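Enquirer: this one's sequence-less:
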Ligand SMILES: NC(=O)c1ccc[n+]([C@@H]2O[C@H](COP(=O)([O-])OP(=O)(O)OC[C@H]3O[C@@H](n4cnc5c(N)ncnc54)[C@H](O)[C@@H]3O)[C@@H](O)[C@H]2O)c1
């Protein structure tokens, strides 16, 4: 099966980036949002980053125009009917994702593959909302999706290996560096990264170190490409806390529980880059 038309549901931080990667790789892409305003905001995000690409000489103005021309917006889920593959990137809530997958299941063809970009929810549980769990996979992109090459292509116990292969090949066609893995909490990177970032936050108080100095320590002592506090701000404090809670529920390892400092920041609306303030001001 060949993927020609792609649907991206949710054009927020991840969805807009995924849609950008798809149109840049030449795929006709239908982006669905809950309102025209949010859909347009998604398109302007894509436009903005493509324009930066043109400024930096990574693509021509004609290529940018052609890429944007491949992006269609909709607020109607039914408009995703022609999609061979739909990538879901809505809020990280199991019920919302299951409702969406149940609806998508009724809209797209029996052949079509449904993929979730969930960070920490069970792909198996999301797939259970459909009549085609064999055609459901995880495609876990990393933030920012147009920049970071990794895609974790996740199979459940019920995923047809052929569907898993189609998703893997599609990630390759996007120019990504996919890996194959099973549906375990946090998959590969978050299973490792989230407890490490939680350790970093706890060290802030334990060692009496400022976020600036902690980032400096990891940048210059370990040569991390980005400091842990800057990374959590980029991920979004709320997104990190959510993912952390899911891992804690799954494994019950204390390091996986979100540090109270992060929970307090999320409650205060200090969400990182997207709210203008987290560990740092933006
Ligand atoms: N932010 C990250 O670093 C990151 C990285 C990898 C994966 N993820 C995962 O990607 C998903 C999206 O995260 P995000 O950070 O982009 O969130 P976000 O809040 O930036 O965007 C979510 C978007 O989905 C839209 N939406 C909600 N319900 C919808 C529906 N039924 N149909 C269409 N649009 C709908 C919202 O209006 C919003 O614009 C989550 O599952 C998250 O766990 C996030």
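Expert: That came through fine. Note that this is a predicted model, so its numbers are computed, not measured. Numbering: from 1, shown residues only.

Enquirer: name the residues of the stretch 1-150 of the chain found near the ligand, please.
Expert: 9-15, 32-34, 38, 89-92, 96, 100, 117-119, 141-143 (Cβ under 6 Å from any ligand atom). Glycine gets a C-beta too; all of them are placed from N, C-alpha and C.

Enquirer: in this structure, which residue sits nearest the ligand?
Expert: residue 12 (1.8 Å; Cβ to the nearest ligand atom).

Enquirer: gap between that residue and residue 247?
Expert: 22 Å (Cβ to Cβ, to the nearest Å).

Enquirer: who has more neighbours, the two?
Expert: Counted by other Cβ atoms under 10 Å, residue 12 and residue 247 do not tie: residue 247 has more neighbours, with 24 against 17.

Enquirer: which residues touch the lowest-mean-pLDDT helix or strand in the chain?
Expert: The helix or strand of the chain with the lowest confidence, counting by mean pLDDT, DSSP states H and E, is helix 237-251 at a mean of 92. Helix 237-251 has contacts (Cβ atoms under 8 Å, 6 or more residues apart in numbering) with 92, 119-121, 185-186, 190-191, 194-195, 197-198, 232, 253, 256-258, 262-263, 265-266, 270-272, 278.

Enquirer: flag every buried residue along that helix.
Expert: Across helix 237-251, burial judged by 16 or more other Cβ atoms under 10 Å covers 237, 238, 239, 240, 241, 242, 243, 244, 246, 247, 248, 251.

Enquirer: one step back: any of the contacts of helix 237-251 buried? List them.
Expert: Of the members of the contacts of helix 237-251, the ones counted as buried by neighbours, 16+ other Cβ under 10 Å, are 92, 119-121, 185-186, 190-191, 194-195, 197-198, 232, 256-258, 262-263, 265-266, 270-272, 278.
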